[in-house]
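Visitor: no sequence on this one, just coordinates:
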């Protein structure tokens with residue numbers, strides 16, 4: 001697959017959960033991922049990805065997770081991941097933790113979606129409507145967690161007919177190197193392209209020539 005597969009003006013990037021809770025050392029979730037962030041270079045790669053797509057006028061969409069007091073206390077039938085988040089009050093609505101990290105946050109003209117509540121961002125936000133209104137057909141996704149929200153959202157995008165690009169060095173898994181390697185091996189099964197940050201940016205450039 002070559003960069004010519006990307007249609008200029010039809011590309012878009014979604015960044016999931018690039019929030020303080022995950023990417024700031026003071027966030028409750030940061031300790032869970034910091035070793036993998038360091039090993040992969042996740043934070044720096046995300047910053048480079050964001051800067052690169054902005055330079056190429058690719059629209060960026062940001063999806064953060066948050067939960068209110070009522071949701072923490074009244075939700076039933078909790079999955080394992082929701083129970084873990086609720087027990088530790090992760091992604092508390094209105095808090096510093098649920099805010100986008102200053103270096104991975106929406107800029108002028110970029111879209112901050114409604115907070116997502118499930119691991120598939122399409123399931124509980126306006127993502128599909130926003131992508132369609134912005135003319136996006138070639139959908140790239142990065143952020144956290146690579147084995148949960150990123151993977152689920154990429155699968156959902158494929159099912160909806162988008163051309164999907166996954167970017168493994170701009171995410172991380174929830175369970176160390178072995179889980180990350182397994183994740184990277186799965187990505188091509190439901191992605192149309194799986195590229196590093198540098199490969200993705202080069203492909204965008206090739207498509208514009």
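Guide: Structure's in. What do you need? This one's a predicted model, so the numbers in the text were calculated from it and none came from an experiment. Numbers count the residues shown, from 1 in each chain.

Visitor: So residue 76: helix, strand or coil?
Guide: Put simply, residue 76 is coil when judged by DSSP: H, G, I helix; E, B strand; the rest coil.

Visitor: burial measure for it, as a count.
Guide: Neighbour count of residue 76, defined by other C-beta atoms under 10 Å: 4. (Each C-beta comes from the backbone N, C-alpha and C, glycine too.)

Visitor: got it, and the one 4 residues further on?
Guide: Residue crowding around residue 80 was assessed by other C-beta under 10 Å; the count is 7.

Visitor: List phi and psi for residue 139.
Guide: phi -110, psi 120 (degrees, to the nearest 10).

Visitor: One more: residue 107?
Guide: Phi and psi for residue 107, reported as degrees, to the nearest 10, are phi -100, psi -180.

Visitor: Likewise for residue 6?
Guide: phi -90, psi 130.

Visitor: So it is in contact with residue 203, correct?
Guide: Yes: the pair residue 6 and residue 203 passes the contact test of C-beta atoms under 8 Å, sitting 5.9 Å apart.

Visitor: residue ranges for the strands of this structure, please.
Guide: Along the chain, the stretches classed as strands by DSSP state E are 11-16, 60-63, 111-112, 138-143, 163-166, 193-194.

Visitor: Can you give the contact residues for the second one?
Guide: Residues outside strand 60-63 that contact it (C-beta atoms under 8 Å, 6 or more residues apart in numbering): 12-18, 50, 53-54, 100, 105-107, 110-113, 115-116, 121, 125, 127, 130-131, 143, 149.

Visitor: now do the last one
Guide: Residues lying outside strand 193-194 but in contact with it, judged by C-beta under 8 Å, 6+ apart, are 1, 5, 163-168, 184, 187-188, 200, 203.

Visitor: List the contacts of residue 9.
Guide: The contact partners of residue 9, by C-beta under 8 Å, 6+ apart, come to residue 135.

Visitor: Report the two of the contacts of strand 193-194 separated the most.
Guide: Using C-beta to C-beta, the contacts of strand 193-194 reach their maximum pairwise distance at 5 and 184, which is 20.3 Å.

Visitor: before we move on, the earlier item: among the contacts of strand 60-63, which ones are buried?
Guide: Using 16 or more other C-beta atoms under 10 Å as the burial test, the contacts of strand 60-63 include 12-18, 50, 53, 100, 105-106, 111, 113, 115-116, 121, 125, 127, 130-131, 143, 149 as buried.

Visitor: count of neighbours near residue 29?
Guide: If we define neighbours as other C-beta under 10 Å, then residue 29 has 23 of them.
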